[in-house]
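**Q** next input, structure requested:
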Amino acid sequence: EQIRLLDEIDFPWTPTEGRRQRESFERKWQSRYQELADFYKEHGHLKVKYQSSLYYWTVTQRRRRRGEGGRTPLTDEQIQLMDEIHFSWTPQNKGQREE
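**A** Numbers count the residues shown, from 1 in each chain. All right, here's what the predicted structure looks like:
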(Lines give C-alpha, C1' and ligand atoms only; values in the text may rest on other atoms or scores of the structure.)
Protein backbone atom coordinates (compact mmCIF):
# COMPACT_ATOMS: atom_id res chain seq x y z
CA GLU A 1 0.00 0.00 0.00
CA GLN A 2 2.76 2.47 0.90
CA ILE A 3 4.66 1.69 -2.31
CA ARG A 4 1.53 2.25 -4.38
CA LEU A 5 0.93 5.61 -2.70
CA LEU A 6 4.51 6.68 -3.35
CA ASP A 7 4.24 5.56 -6.98
CA GLU A 8 1.12 7.70 -7.35
CA ILE A 9 3.10 10.83 -6.48
CA ASP A 10 6.00 9.84 -8.78
CA PHE A 11 8.37 9.21 -5.92
CA PRO A 12 11.95 8.98 -7.30
CA TRP A 13 13.13 5.48 -6.39
CA THR A 14 16.71 6.03 -7.52
CA PRO A 15 19.07 8.96 -6.87
CA THR A 16 19.45 9.49 -10.63
CA GLU A 17 15.70 9.70 -11.12
CA GLY A 18 15.41 12.27 -8.34
CA ARG A 19 18.24 14.32 -9.81
CA ARG A 20 16.56 14.33 -13.24
CA GLN A 21 13.30 15.51 -11.68
CA ARG A 22 15.08 18.32 -9.81
CA GLU A 23 16.94 19.38 -12.97
CA SER A 24 13.70 19.38 -14.97
CA PHE A 25 11.97 21.43 -12.26
CA GLU A 26 14.89 23.89 -12.21
CA ARG A 27 14.79 24.27 -16.03
CA LYS A 28 11.06 24.95 -15.91
CA TRP A 29 11.51 27.49 -13.11
CA GLN A 30 14.30 29.26 -15.02
CA SER A 31 12.13 29.39 -18.15
CA ARG A 32 9.19 30.98 -16.32
CA TYR A 33 11.52 33.33 -14.45
CA GLN A 34 13.02 34.45 -17.78
CA GLU A 35 9.52 35.06 -19.11
CA LEU A 36 8.79 37.28 -16.10
CA ALA A 37 12.16 39.08 -16.40
CA ASP A 38 11.47 39.72 -20.11
CA PHE A 39 8.04 41.10 -19.20
CA TYR A 40 9.71 43.44 -16.71
CA LYS A 41 12.26 44.61 -19.30
CA GLU A 42 9.53 45.27 -21.85
CA HIS A 43 6.96 46.94 -19.58
CA GLY A 44 9.00 48.32 -16.68
CA HIS A 45 6.72 46.64 -14.12
CA LEU A 46 5.52 43.20 -13.09
CA LYS A 47 1.77 43.76 -13.23
CA VAL A 48 1.09 40.68 -15.31
CA LYS A 49 -2.40 40.07 -16.64
CA TYR A 50 -4.73 38.76 -13.95
CA GLN A 51 -5.44 35.04 -14.34
CA SER A 52 -2.76 34.56 -17.01
CA SER A 53 -0.42 31.57 -16.70
CA LEU A 54 2.38 33.93 -15.67
CA TYR A 55 0.10 35.45 -13.02
CA TYR A 56 -0.53 32.01 -11.52
CA TRP A 57 3.20 31.27 -11.59
CA THR A 58 3.89 34.44 -9.58
CA VAL A 59 1.20 33.45 -7.06
CA THR A 60 2.91 30.08 -6.67
CA GLN A 61 6.29 31.73 -6.10
CA ARG A 62 4.85 33.84 -3.28
CA ARG A 63 3.35 30.75 -1.70
CA ARG A 64 6.59 28.84 -2.08
CA ARG A 65 8.47 31.62 -0.33
CA ARG A 66 5.97 31.52 2.53
CA GLY A 67 6.23 27.72 2.66
CA GLU A 68 2.51 27.22 2.08
CA GLY A 69 0.72 24.16 0.84
CA GLY A 70 3.58 21.72 1.08
CA ARG A 71 5.37 23.33 -1.86
CA THR A 72 9.12 23.14 -2.24
CA PRO A 73 10.51 26.37 -0.77
CA LEU A 74 12.28 28.83 -3.04
CA THR A 75 16.04 28.72 -2.87
CA ASP A 76 18.02 31.76 -1.76
CA GLU A 77 19.21 32.10 -5.36
CA GLN A 78 15.65 32.11 -6.69
CA ILE A 79 14.61 34.73 -4.14
CA GLN A 80 17.61 36.86 -5.12
CA LEU A 81 16.73 36.61 -8.81
CA MET A 82 13.14 37.66 -8.11
CA ASP A 83 14.37 40.54 -5.94
CA GLU A 84 16.66 41.72 -8.75
CA ILE A 85 13.63 42.36 -10.98
CA HIS A 86 11.81 44.09 -8.10
CA PHE A 87 9.27 41.33 -7.61
CA SER A 88 6.65 42.28 -5.02
CA TRP A 89 6.31 39.54 -2.43
CA THR A 90 3.12 41.20 -1.15
CA PRO A 91 0.95 42.28 -4.12
CA GLN A 92 -1.03 45.44 -3.59
CA ASN A 93 -2.96 46.05 -6.80
CA LYS A 94 -5.38 44.26 -9.09
CA GLY A 95 -2.68 43.30 -11.57
CA GLN A 96 -0.92 41.37 -8.85
CA ARG A 97 -3.81 40.35 -6.59
CA GLU A 98 -4.19 36.85 -5.29
CA GLU A 99 -7.57 35.25 -4.75
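
**Q** and the longest helix seen in the chain, what other elements does it pack with?
**A** If each helix of the chain is counted by residues according to DSSP state H, the longest one is helix 15-43. Secondary structure elements in contact with helix 15-43, counted by 3 or more Cβ pairs under 8 Å, 6 or more residues apart in numbering; DSSP states H and E, are helix 53-66, helix 76-84. (C-beta placed from N, C-alpha, C; glycine too.)

**Q** same thing but at 7 Å, please
**A** With contacts defined as 3 or more Cβ pairs under 7 Å, 6 or more residues apart in numbering; DSSP states H and E, the secondary structure elements packing on helix 15-43 are helix 53-66.

**Q** circling back: so how far is the longest helix of the chain off the chain centroid?
**A** Average the C-alpha atoms of helix 15-43, do the same for its chain, and the two points are 8 Å apart (Cα atoms, centre = their mean, to the nearest Å).

**Q** how about that helix: buried residues?
**A** The neighbour-count criterion (16 or more other Cβ atoms under 10 Å) identifies W29, R32, Y33, L36, A37, F39, Y40 as the buried residues of helix 15-43.

**Q** quick one, that helix and helix 53-66 angle?
**A** When axes from the mean of the first three to the mean of the last three Cα atoms, to 10 degrees is applied, the directions of helix 15-43 and helix 53-66 differ by 120 degrees.
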